[in-house]
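Visitor: Show me how the following folds:
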Amino acid sequence: MPLTDTMLRNLKPDGTPSKLADTEGLYLYLSPTGGKLWRMDYRFAGKRKTLSFGAYPAVPLKDARGKRDNAKELLAKDIDPGAHKKAVKAEAVAIAKEQALTFAVVAQEWFETKKDAYAASNVKKKQWLIDLLNERIGNKPMTTLVPADIIGAIRPVEAAGHSVTAHKMAETAGQVCRFARTCGYIVFNPADGLKEVLKPIQTKHYATLTDPDAVGHLLRSIDEYQGGTIVSYALKILPYLALRSAELRGGRWAEIDLDKALWIVPASRREKAKDGGGMKMRVAHEVPLPTQVVTLFRELHLLTGKGSLCFPGRYSSSQCISDMALLNGIRRMGFSKEEMTIHGFRAMFSTILNEKKLEWGFDADIIEAQLAHKEQNAVRGAYNHASYLEQRRAMLQKWADFLDEVRSATTQK
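Guide: Alright, predicted model coming up:
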């Protein structure tokens, strides 16, 4: 006798396991704990199997019969309804997982694995770039992401005139997508070739002086500078060494061996740290000191040698002078932002040395080693670090002598 809704509503299990048959193989299993479970027994490939359709009353009689009919249809097509049910469930789980694996989720996973490799100042920048991308594509599943989606996130930034940021966004998206592909989250990289569709970055060169007469005038102006004594020494030393401002300003006496005429800027000093920066590439940089610089440091040591910092600030011996202090000094000498910047001393060094490299016998690799630009080839970088020190020492002495010559020249522009 088929089951009815009335029979089911009045059914009171007594704790004894039993079966109440319905029709065409469907039955209600009464468990010892009082559960009411819809089931159907069937045979497939010579094996007896049981299929579950859920519990009553969550699954009413009508729905249980519908599930039974669907199972019979599958059997008629020689499909195992139990295996089919598992496959459907697995597909649903996979789809749900893909939907949850959005660009924002993967980007954060990538960032967590990589952020320790970034300088502290760059961690915030990278997170900011990820946030910019997330505003447009953060909720998109990685498996549905296409190049047009990423381009659509970057184009508004580029259109607003922020070309560098747009390129950095493309670079970040590429890093996230390559990570996703390597992890098996996606099959292809939707960020591949993004930079090809972006406008090239218009390089902004730092204002600098390269004409010998103009350089001589600048050096004489520094010699005559009447500002703070510590700032004055920093400005006198900076042209000789081509260091980044943060590397110079954050110098410690413990890093400098004046007897060996060698300054080792350690990797531990963070770029742009509050108390003085260090190497941008976060690797140690050996800086040979020309005789002129050794003399200046010996004079400076009489003033600040009792402390740890070579260039302590006016109001705190635990913090170095600021970049703005150097820049203000240049401005007080009468050099505008269109004529000279603090970073312009490195540009001056690079430009003039590359013009004179054949005459002076120093190749581009030695110049780049002194500028401490990143060596893309790790093995070659290690070799350069070991082999170029004496060559750089000779080059810096030649450079220092050149600066003294143009300083002494009577001809001014």
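Visitor: Point to the helix or strand of the protein where mean pLDDT is at its lowest.
Guide: Every helix and strand in the chain was compared by mean pLDDT, DSSP states H and E; the lowest is helix 378-387, with a mean of 45.
Visitor: any idea which helix or strand comes after that helix?
Guide: With elements assigned by DSSP states H and E, the helix or strand that comes after helix 378-387 is helix 389-408.
Visitor: then that following helix to CSV, C-alphas only?
Guide: Only the C-alpha atoms of helix 389-408 are listed here, as CSV (Å, rounded to 0.1, in the frame of the first residue of the first chain):
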residue,chain,number,x,y,z
LEU,A,389,86.1,46.8,-6.0
GLU,A,390,89.7,47.9,-7.0
GLN,A,391,88.5,49.0,-10.4
ARG,A,392,85.8,51.1,-8.7
ARG,A,393,88.4,52.5,-6.3
ALA,A,394,90.5,53.7,-9.2
MET,A,395,87.4,55.0,-11.0
LEU,A,396,86.2,57.0,-8.0
GLN,A,397,89.6,58.5,-7.4
LYS,A,398,89.7,59.5,-11.1
TRP,A,399,86.2,61.0,-10.7
ALA,A,400,87.2,62.9,-7.5
ASP,A,401,90.3,64.3,-9.2
PHE,A,402,88.1,65.4,-12.1
LEU,A,403,85.7,67.2,-9.7
ASP,A,404,88.6,69.0,-8.1
GLU,A,405,89.8,70.1,-11.5
VAL,A,406,86.5,71.6,-12.6
ARG,A,407,86.1,73.1,-9.1
SER,A,408,89.4,74.9,-9.6
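Visitor: Might you calculate how far it sits from the centre of the chain?
Guide: 37 Å (C-alpha atoms, centre = their mean, to the nearest Å).
Visitor: Next, the buried residues of it.
Guide: Going by neighbour count (16 or more other C-beta atoms under 10 Å), the buried part of helix 389-408 is 391-400, 402-403, 406-407. Every residue, glycine included, has its C-beta placed from N, CA and C.
Visitor: same question, stretch 209-222
Guide: In stretch 209-222, counting by 16+ other C-beta under 10 Å, buried: 209, 212, 214-222.
Visitor: do the same with stretch 249-269
Guide: In stretch 249-269, counting by 16+ other C-beta under 10 Å, buried: 249-253, 255-256, 261-263, 265, 269.
Visitor: and what of stretch 173-193?
Guide: Applying 16+ other C-beta under 10 Å to stretch 173-193 flags 173-177, 179-181, 185-186, 189-191 as buried.
Visitor: Mark out where each domain of this protein begins and ends.
Guide: Domain ranges of the chain: 5-100, 103-197, 212-408, per automatic domain parsing.
Visitor: what distance separates the start and the end of the second one?
Guide: Meaning domain 103-197. 21 Å (C-alpha to C-alpha, to the nearest Å).
Visitor: in stretch 72-86, what counts as buried?
Guide: 72, 74-75, 80-82, 84-85.
Visitor: residues in contact with that stretch?
Guide: 24-25, 42, 44-45, 49-51, 70-71 (C-beta atoms under 8 Å, 6 or more residues apart in numbering).
Visitor: So which of the buried residues of stretch 72-86 are in helices?
Guide: 72, 74-75, 81-82, 84-85 (DSSP state H).
Visitor: Now pLDDT and distance to residue 14 too, for the residues you listed, in CSV please.
Guide: Listed next are those as CSV, based on pLDDT from 0 to 100; distance: C-beta to C-beta, whole Å:
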residue, pLDDT, distance to residue 14
72, 93, 31
74, 93, 35
75, 91, 34
81, 90, 31
82, 89, 30
84, 91, 35
85, 89, 31
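Visitor: how about the most centrally placed residue in the chain, what does it touch?
Guide: What sits nearest the mean C-alpha location of the chain, by C-alpha atoms, centre = their mean, is residue 126, with 4.7 Å. Counting by C-beta under 8 Å, 6+ apart, residue 126 touches 111, 115, 118, 172.
Visitor: what about burial for these, which qualify?
Guide: 111, 172.
Visitor: Which ones among the contacts of residue 126 lie within helices?
Guide: 111, 172.
Visitor: Considering the contacts of residue 126, which is situated nearest to residue 136?
Guide: residue 172 (13.0 Å; C-beta to C-beta).
Visitor: ok, now which ones touch residue 235?
Guide: Applying C-beta under 8 Å, 6+ apart, the residues contacting residue 235 are 222, 225, 326, 329-330.
Visitor: One more pass at 7 Å, please.
Guide: 222, 225, 326, 329 (C-beta atoms under 7 Å, 6 or more residues apart in numbering).
Visitor: Kindly report the same for residue 311.
Guide: Residue 311 touches 230, 234, 249, 251, 320-321, counting by C-beta under 7 Å, 6+ apart.
Visitor: and with 6 Å instead?
Guide: With contact set as C-beta atoms under 6 Å, 6 or more residues apart in numbering, residue 311 has these partners: 230, 234, 249, 320-321.
Visitor: Flag every buried residue along the helix or strand where residue 91 lies.
Guide: Secondary structure from DSSP H and E places residue 91 in helix 81-100. Neighbour counts using 16+ other C-beta under 10 Å place 81-82, 84-85 of helix 81-100 among the buried residues.
Visitor: Then stretch 16-30?
Guide: Result for stretch 16-30 [16+ other C-beta under 10 Å]: buried residues 22, 26-30.
Visitor: In the stretch 101-250 of the chain, where is pLDDT below threshold?
Guide: Applying pLDDT under 70 to the stretch 101-250 of the chain flags the ranges 119-121, 202-205.
Visitor: tell me which residues of stretch 37-55 are tucked away?
Guide: Under the neighbour-count criterion of 16+ other C-beta under 10 Å, stretch 37-55 has 37-40, 42, 44, 51, 53 buried.
Visitor: rewinding a little: how about the contacts of residue 126 in CSV, adding distance to residue 133?
Guide: Shown next, in CSV, are the contacts of residue 126 (distance: C-beta to C-beta, whole Å):
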residue, distance to residue 133
111, 11
115, 16
118, 17
172, 7
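Visitor: Which of the contacts of residue 126 sits closest to residue 7?
Guide: residue 111 (60.0 Å).
Visitor: All good on my end, thank you.
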